[in-house]
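Visitor: build me a structure from this.
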Amino acid sequence: MRVLIAALTTALVCGASSLATAADAPSSAWTLDRLMNTLGAKKSGRAHFTETRYLKIAQEPLESSGELVFVAPDHLEKHTVSPKPENLVVDGDMLTVDRNGHTITIPLRNYPELGAFIESIRATLAGNRFALEQAYRVSVTGKGNDWTLTLVPIDSRMQKKVSEITLAGTGAALARVEIRQADGDHSLMRLQDASAH
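Guide: Below is the predicted model of the structure:
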């Protein structure tokens with residue numbers, strides 16, 4: 001379950017948020033409301049991702065790449081192409097994982113911790129500050145052309161899985177997402193908008 005949460009964290013936070021296109025942004029400091037409005041403005045899109053995961057059990061970082069898709073209000077997809085094909089899809093209350101030709105679908109209501117996490121990500125994409133702050137301590141630093149959003153879980157169960165999520169970008173374009181897990185593992189995903197392709 002920890003690996004699934006880590007994969008979904010990276011996919012959903014980075015993937016969907018990064019699907020917004022770049023916007024001309026003044027260089028003044030950004031507030032949380034301003035950033036939420038900017039990230040939530042795009043209702044669908046695609047992004048290419050390159051992810052590097054640093055795991056204590058692996059001698060070398062694990063690299064993967066593929067495409068992320070977001071369609072508002074609640075459809076998220078992560079299609080990994082390399083090194084092995086894998087698809088993760090969250091649609092409404094259902095999570096579907098397709099790996100090695102085997103598909104499993106589970107209802108998120110059976111996993112409240114995971115469901116709460118996903119709903120928090122959807123809140124970010126929808127620009128819903130209230131819902132986001134129900135699950136995370138949220139802070140924003142920087143300016144419109146160079147901002148950082150930091151999410152720290154409030155719920156003690158989530159804190160046992162994820163210690164911090166950091167998103168960074170320019171205007172509405174998310175460039176990087178870093179996830180630090182409570183066990184010391186972490187991942188870094190770099191994104192490139194593919195909506196126009």
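Visitor: which stretches of the chain form strands?
Guide: According to DSSP state E, the chain carries its strands in the segments 44-54, 62-71, 75-82, 86-91, 94-99, 102-107, 136-143, 146-153, 162-170, 173-181, 186-193.
Visitor: for those, which one sits closest to residue 34?
Guide: strand 136-143 (8.3 Å; Cβ to Cβ). Where C-beta positions appear, they are placed from N, C-alpha and C, glycine not excepted.
Visitor: give the buried residues for the closest one.
Guide: 136, 138, 140, 142 (16 or more other Cβ atoms under 10 Å).
Visitor: what do you get for stretch 66-80?
Guide: Neighbour-count burial for stretch 66-80 [16+ other Cβ under 10 Å]: 66-70, 74, 76-80.
Visitor: can you check the pLDDT for the closest residue to residue 87 other than its chain neighbours?
Guide: Excluding its sequence neighbours, the residue lying closest to residue 87 (Cβ to Cβ, 6 or more residues apart in numbering) is residue 98, at 4.2 Å. Predicted confidence (pLDDT) for residue 98: 96.
Visitor: beta partners of residue 98?
Guide: With DSSP bridges as the criterion, residue 98 is bridged to residue 87, residue 103.
Visitor: then residue 107?
Guide: residue 94.
Visitor: do the same with residue 62
Guide: With DSSP bridges as the rule, residue 62 is bridged to residue 53.
Visitor: report pLDDT for it.
Guide: Residue 62 is assigned 96 on the pLDDT scale.
Visitor: try residue 6
Guide: 50.
Visitor: do the same with residue 135
Guide: So residue 135 comes in at 83 (pLDDT).
Visitor: let me see the contact set for residue 64.
Guide: 50-51, 53, 80, 82-83 (Cβ atoms under 8 Å, 6 or more residues apart in numbering).
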